[in-house]
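Student: pasted the sequence and its predicted model underneath.
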Amino acid sequence: METAVNISQSCNHFTASMKLHFLTARRDGESCKQTLDSLLKLLEGTSRERNQTYGLIVDGTSLATCFNTCPELFLRTTLLCTAVLCCRLSPLQKAKVVRMVKEHKTNPVTLAIGDGANDVSMILEANVGVGPS
C-alpha cells in the first residue's frame, strides 16, 4: 500500500496539500459505514476549507466490506473525493469499481490503466482502457 501511495504522490494523483483518508483492513460493515459517514460529512460540510482537496485510499478487504454493506455510501463518498486510490484488489474488484462509477447517473467517462494480465477485466470495463501490448 505504501508503494501505491508513493506512486500516486509522484505522479500528482495525490498532491502534497491533499488531505488523505484511509479505509483499510476493515472487515466490519459498521466500521466502514462510520468511516465513510465521517468523510462524507467532511466533504459535504459547510466547514470544508476553501480549495481543500481530499483523497481516499481503500484496500481490497475494506472494498469487499463496503460492497456488501454500504455500496451507495461508498460511491457517494468516492465521487466527492478529488482522488481515490484502490490497492490490493482482485481483478473482479477492479472491474466492479470501474463499472460502479461508469454506471452512475452522471454518466462519467472512466479511464483504467493497468500493467498486467490481472488488470484486463478492469481495462475492458472502462470507457477508455490503457495497457501494454
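Tutor: Structure received.
Student: give me the contact list for stretch 3-22.
Tutor: Identification of contacts with stretch 3-22 by Cβ atoms under 8 Å, 6 or more residues apart in numbering yields 35, 39, 52-58, 82-83, 85, 87. Yep, even glycine has a C-beta here, placed from its N, CA and C like the rest.
Student: tell me which two of those residues sit farthest apart.
Tutor: 52 and 87 (23.3 Å; Cβ to Cβ).
Student: who has more neighbours out of those two?
Tutor: When residue 52 and residue 87 are compared for neighbours, residue 87 comes out ahead with 17 against 12, by other Cβ atoms under 10 Å.
Student: now the residue nearest to the more buried one when sequence neighbours are not counted: phi and psi?
Tutor: Nearest residue to residue 87, sequence neighbours excluded (Cβ to Cβ, 6 or more residues apart in numbering): residue 4, at 4.1 Å. Geometry field for residue 4 lists phi and psi as phi -60, psi -40, criterion degrees, to the nearest 10.
Student: so for the longest helix belonging to the chain, what gets flagged as buried?
Tutor: In the chain, with assignment by DSSP state H, the single longest helix is helix 29-44. Residues of helix 29-44 classed as buried by neighbour count (16 or more other Cβ atoms under 10 Å): 32-33, 35-36, 39-40, 42-43.
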